[in-house]
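> Need a 3D model of the sequence below.
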Amino acid sequence: MPGGRLTQQERQQIASGLADGLAYAEIARRLDRPTSTITREVMRNGGPTTYRADLAHRATERRAHRRRQPAPGGPDAPPQAHGRDPEAVRAYEEVFTTVLIQSGTPKMMARVLACLCISDTGSHTASELVQRLQVSPASISKAVAFLEGQGLIRRERDERRRERYVVDDDVWYQSMMASVRGTVEVAETARQGVGILVPGTPAATRLENIARFLDFVSESLARAADQAREVLHTKPGPTPSDVAARP
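Numbers count the residues shown, from 1 in each chain. Below you'll find the model as predicted:
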């Protein structure tokens, strides 16, 4: 199996495979590469719908150049715990960020959220985020305000009274419930329009159908989120064999 970085020719084959609707596994098989290599390559360079071989190749060369050129006076890269491969962690963070962007999260907000999610502590101060992501404090402040408004992070004070931004195991539950609240508000606004546009007219009927649809979706999402949270946060109880084995 070939090793090393992908060549420009391989990237062109990846682009052709994506255009033909091939799965990552099939593209990887044709190139004799691991599927994870193809997945990482595509997701860090725009995703399957916008991947371009020439742009991906130039972006990879720029990243390699930056890694070879240490920033003068800049902070050293933080050491990785648990024997993690720093390059693999960096690549995974880029993939995670790209997926968040493709799901609709603005770029800087996605970078901050990914950075928090892959941290063992699940939290960073503003200065730590500025240092790690090499962006301005204003960019971090704007991203944090957005993520907090979406229910994706929360603020807390540490023992040194510094404000920390935290993502925890409830992050997707809180985000889902924030989405539900937004959907309920849209449904209620649509319902208000029914009376204004006169019930029975085409516009009023359309708004009524929107409200009914969103009511159903919001109720279903809230119910599913509550059930999933309860299952995932409940520790498994003793099995019958465990009970029988007790003295």
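> Tell me the buried residues in stretch 90-105?
Ala91, Tyr92, Glu93, Glu94, Val95, Phe96, Thr97, Thr98, Leu100, Ile101, Thr105 (16 or more other CB atoms under 10 Å). C-betas here are computed from N, CA, C, even on glycine.
> And the most centrally placed residue in the chain, how close does it get to Arg11?
Nearest to the geometric centre of the chain sits Leu100, at 3.4 Å (CA atoms, centre = their mean). The gap separating Leu100 from Arg11 is 23 Å, by CB to CB, to the nearest Å.
> cool, and Val167?
33 Å.
> One more: Gln192?
Using CB to CB, Gln192 is found at 52 Å from Arg11.
> Comparing these two, which residue is more hemmed in?
A count of neighbours by other CB atoms under 10 Å puts Arg11 above the other of Gln192 and Arg11, at 22 against 12.
> Mind checking which of the buried residues of stretch 90-105 land in helices?
Ala91, Tyr92, Glu93, Glu94, Val95, Phe96, Thr97, Thr98, Leu100, Ile101 (DSSP state H).
> With adjacent residues omitted, what lies nearest to the residue nearest to the centre of the chain?
The spatially closest residue to Leu100, leaving aside those adjacent along the chain, is Ala110, at 3.8 Å (CB to CB, 6 or more residues apart in numbering).
> Now do the contacts for Ser136.
Residues in contact with Ser136 (CB atoms under 8 Å, 6 or more residues apart in numbering) are Val130.
> Val135 against Lys107, yeah?
No. Counting by CB atoms under 8 Å, Val135 sits too far from Lys107 to count as a contact (10.6 Å).
> Of the two, which one has the most company?
Val135 (15 against 12).
> count of neighbours near the closest residue to Val217 other than its chain neighbours?
Among residues not flanking Val217 along the chain, Thr183 sits closest, at 6.3 Å (CB to CB, 6+ apart). A count of nearby residues for Thr183, using other CB under 10 Å, gives 18.
> cool, and Thr201?
Residues near Thr201, counting by other CB under 10 Å: 11.
> same question, Ala145
Neighbourhood size, Ala145 [other CB under 10 Å]: 11.
> what do you get for the one 10 residues further on?
Here the count is done by other CB under 10 Å, and Arg155 has 11 residues near it.
> That one should be in a helix, yeah?
No. According to DSSP: H, G, I helix; E, B strand; the rest coil, Arg155 belongs to no helix; its state is strand.
> ok, the residue nearest to it when sequence neighbours are not counted - how many residues close by?
Distances taken as CB to CB, 6+ apart put Glu163 closest to Arg155, at 5.7 Å, once the chain neighbours are dropped. By the criterion of other CB under 10 Å, Glu163 has 11 neighbours.
> and if you look at Met108?
Using other CB under 10 Å, Met108 has 20 neighbouring residues.
> returning to what we had before: of the ones in helices among the buried residues of stretch 90-105, closest to Gly151?
Leu100 (14.9 Å; CB to CB).
> what's the closest one in contact with, if anything?
Contacts of Leu100 by CB under 8 Å, 6+ apart are Met109, Ala110, Leu113, Ala114.
> so what's the residue nearest to the centre of the chain scoring on pLDDT?
For Leu100, the pLDDT comes out at 85.
> could you measure it against Ala59, distance?
In terms of CB to CB, Leu100 sits 18 Å off from Ala59.
> for Phe146, same thing?
Plainly put, Phe146 is 26 Å away from Ala59 if you go by CB to CB.
> between those two, who's got more neighbours?
Shown here are Phe146 and Ala59; by other CB under 10 Å, Phe146 has more neighbours (17 against 14).
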